[in-house]
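> below: sequence and its predicted model.
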Amino acid sequence: MEHKDSSNHTRETFFKWAVVLIALLGGLLQVGCDREQQSQPPSPVPEVTIVTVRAQRVVLTAELPGRTSAFRIAEIRPQVNGLIQKRLFTEGSDVKAGQMLYQIDPASFQAVLDNAKAALGRAEASLTAIRLRAERYNEVLADKAVSQQDYDDAAAALKQAEADIQYWKATVVTARINLAYSRVTAPISGRIGKSNVTDGALVTAYQPVAMATIQQLDPIYVDVPQSTTELLRLKNGGLNHEGTDQNKVKLILEDGTAYPVEGTLQFSDVTVDPTTGSVILRVVFPNPKGVLLPGMFVRTVIKEGINEKAILITQQGVSRDHKGDPVALIVNAESKVGLRMLTLDRAIGNKWLVSAGLVPGDRVIVEGLEMLRPGTVVKAAPFKESGMTPANAAQPTAESN
């Protein structure tokens, strides 16, 4: 019994010392951790780059597709029947108004003219004798030297002779016109295409198939469709249209190069195409070197107006949320990050035109966006682009597709 009591006492003593040691070790570890935490420096404040929003004066433009068309088109058709004796122009060349293009065989028209002239001469020759007879009958009618019937016949013959002269004069004019029509000339100046008839071909007056077509290319039209939705947006957009030289239009060619000469907006159609829901804008461009040809696809830059209080921010300051909506992070007066939902109008160069969501004075974060959350305290520095702050940058011109 004494042996068992001694053994139990030894075990109790061991456990007591073990508990004490464990408590001491835990205290030492806690002290070490506290010292380690006290020795670590506090987390640094994130640094971001910001752009301060300012209202700007921006000239807004719309880039719209269009197609060129000839300023004037003349389809050459014969006005008399006959055989083509000779074609007198080079296909694809420039012709002048009044230049002779085809010669139709004039022999029959010349014969008709000569016959009309001869008939006119015969009528004029007989007129003198008929007039004198009528005058003599009129003088002796009161003396009853001639009957009333004889006088009436002489007067009627005089009127018929005068009418014959007028008829043959008109016939001469008609014959002369038909003879002139045998010389087919260019009604306008421009570039003539291929000939649809050859020497020796038989043509008829006002035939449905044109002999050739002339197109005036300087100046030249550009027809631009614009949706009625866009027209309504421009009318209700609150833009200033004064001082923008609204009628001037720029042109971009098919290869992306800019046409060197500006055009003039001539008119906007008043009829809406029901199939496309658009109206046609017609622009006139000078084309002295013939660079523009009918049917070319081009892009026009049309001035919409001036937004006097436009808000532009660089595109790198705009991101998208999980729904795809545009958002921006700002720095408030307490140097904390805030979230703004944006409404974007269009891209202007490397900037967004913001129609809602920002006001002048907002500080938008454009650099250092990684791992930022609303409410985070940050240190803000101004953003510089190409050595200039946005406030010093030149006023941009807006373009929309």
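That came through fine.

> all helices of the protein, in order?
Secondary structure of the chain by DSSP state H: the helices cover 2-39, 107-140, 148-181, 228-235.

> now stretch 165-173: buried residues?
Going by neighbour count (16 or more other CB atoms under 10 Å), the buried part of stretch 165-173 is Ile165, Trp168, Lys169, Thr171, Val172. From N, CA and C alone the C-beta is placed, and that goes for glycine too.

> and what of stretch 100-107?
Leu101, Tyr102, Gln103, Ile104, Asp105, Pro106.

> and the average pLDDT for that stretch is what?
Regarding stretch 100-107, the rounded mean pLDDT is 96.

> on that earlier part again, which stretch in the helices of the chain is the model least sure about?
helix 2-39 (a mean of 55).

> contacting residues for Ile84?
Tyr102, Gln103, Ile104, Asp105, Val197, Thr198, Asp199, Gly200, Ala201, Leu202, Val203 (CB atoms under 8 Å, 6 or more residues apart in numbering).

> check Val354 too.
Counting by CB under 8 Å, 6+ apart, Val354 touches Ile311, Leu312, Ile313, Leu342, Thr343, Leu344, Asp345.

> can you select the buried ones among the residues you listed for me in ChimeraX?
To isolate the buried ones among the contacts of Val354 in ChimeraX, judged by 16+ other CB under 10 Å, type:
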select :311,312,313,342,344,345
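
> what's the end-to-end length of stretch 347-364?
When the termini of stretch 347-364 are compared using CA to CA, to the nearest Å, they are 17 Å apart.

> next one: stretch 348-362
The first residue of stretch 348-362 is 20 Å away from its last residue (CA to CA).

> distance from the chain centre to it, please.
Relative to its chain's centre, stretch 348-362 lies at 27 Å (CA atoms, centre = their mean, to the nearest Å).

> how about stretch 104-124?
56 Å.

> kindly report the same for stretch 325-332.
Centroid displacement of stretch 325-332 relative to its chain, using CA atoms, centre = their mean, is 35 Å.

> quick check: mean pLDDT of that stretch?
Mean predicted confidence for stretch 325-332 is 88.

> what comes up buried for that stretch?
Neighbour counts over stretch 325-332 (16+ other CB under 10 Å) mark Pro326, Ala328, Leu329, Ile330, Val331 as buried.

> I'd say the first one and Leu344 touch.
Yes. Under the criterion of CB atoms under 8 Å, Pro326 is in contact with Leu344, at a separation of 5.3 Å.

> any shared contact partners between these two?
Counting by CB under 8 Å, 6+ apart, the contacts common to Pro326 and Leu344 are Val318, Trp352.

> for the top strand by length along the chain, enumerate the helices and strands it packs against.
In the chain, assigned by DSSP state E, the strand with the most residues is strand 55-76. Secondary-structure packing of strand 55-76 (3 or more CB pairs under 8 Å, 6 or more residues apart in numbering; DSSP states H and E): strand 190-192, strand 212-227, strand 278-285, strand 297-314, strand 397-398.

> between the ones you listed, which gets nearest to Pro78?
Pro78 lies closest, by CB to CB, to one member of the helices and strands packed on strand 55-76: strand 212-227, at 11.1 Å.

> and that closest one, what's buried?
For strand 212-227, the neighbour count (16+ other CB under 10 Å) marks 212-222, 224-226 as buried.

> can you name the two of those residues that are farthest apart?
The most widely separated members of the buried residues of strand 212-227 are Ala212 and Gln226, with 34.6 Å between them, by CB to CB.

> just to revisit the earlier point, let's have the contacts of Ile84 in TSV, adding distance to Ala356.
Formatted as TSV, these follow (distance: CB to CB, whole Å):
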residue	distance to Ala356
Tyr102	66
Gln103	71
Ile104	71
Asp105	76
Val197	65
Thr198	68
Asp199	72
Gly200	74
Ala201	69
Leu202	72
Val203	67
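
> from these, which is closest to Glu230?
The nearest member of the contacts of Ile84 to Glu230, counting by CB to CB, is Val197 at 46.4 Å.

> and Pro187, what does it touch?
Pro187 neighbours (CB under 8 Å, 6+ apart): Ala74, Ile76, Ala97, Ile214.

> 6 Å - rerun?
Neighbouring residues of Pro187 by CB atoms under 6 Å, 6 or more residues apart in numbering: Ala74.

> what's the answer for the one 5 residues further on, then?
Applying CB under 6 Å, 6+ apart, one finds that Ile192 lies in contact with Phe89, Val95, Ala212, Ile214.

> does the second one touch Ala186 like I think?
When you say that, I think you mean Val95. Yes. The criterion here is CB atoms under 6 Å, and Val95 meets it with Ala186 at 4.7 Å.

> name the residues contacting each of those two.
By CB under 6 Å, 6+ apart, Val95 and Ala186 have no common neighbours.

> can you pull the poorly scored residue ranges out of the stretch 151-300 of the chain?
For the stretch 151-300 of the chain, the stretches with pLDDT under 70 are 233-246.

> where's the closest residue to Asn81 other than its chain neighbours relative to Gly277, distance?
Using CB to CB, 6 or more residues apart in numbering and skipping residues adjacent in sequence, the residue nearest Asn81 is Thr204, 5.1 Å away. Distance, Thr204 to Gly277, by CB to CB, to the nearest Å: 44 Å.

> next, count neighbours for Ile188.
Ile188 sits with 15 neighbouring residues when counted by other CB atoms under 10 Å.

> is it true that it touches Ala97?
Yes. Ile188 lies in contact with Ala97 (CB under 6 Å); the separation is 5.4 Å.

> residues contacting the residue nearest to Ala356 when sequence neighbours are not counted?
Take Ala356 and drop its neighbours on the chain: the residue closest to it by CB to CB, 6+ apart is Thr343, 3.8 Å away. Residues in contact with Thr343 (CB under 6 Å, 6+ apart) are Ser355, Ala356, Gly357.
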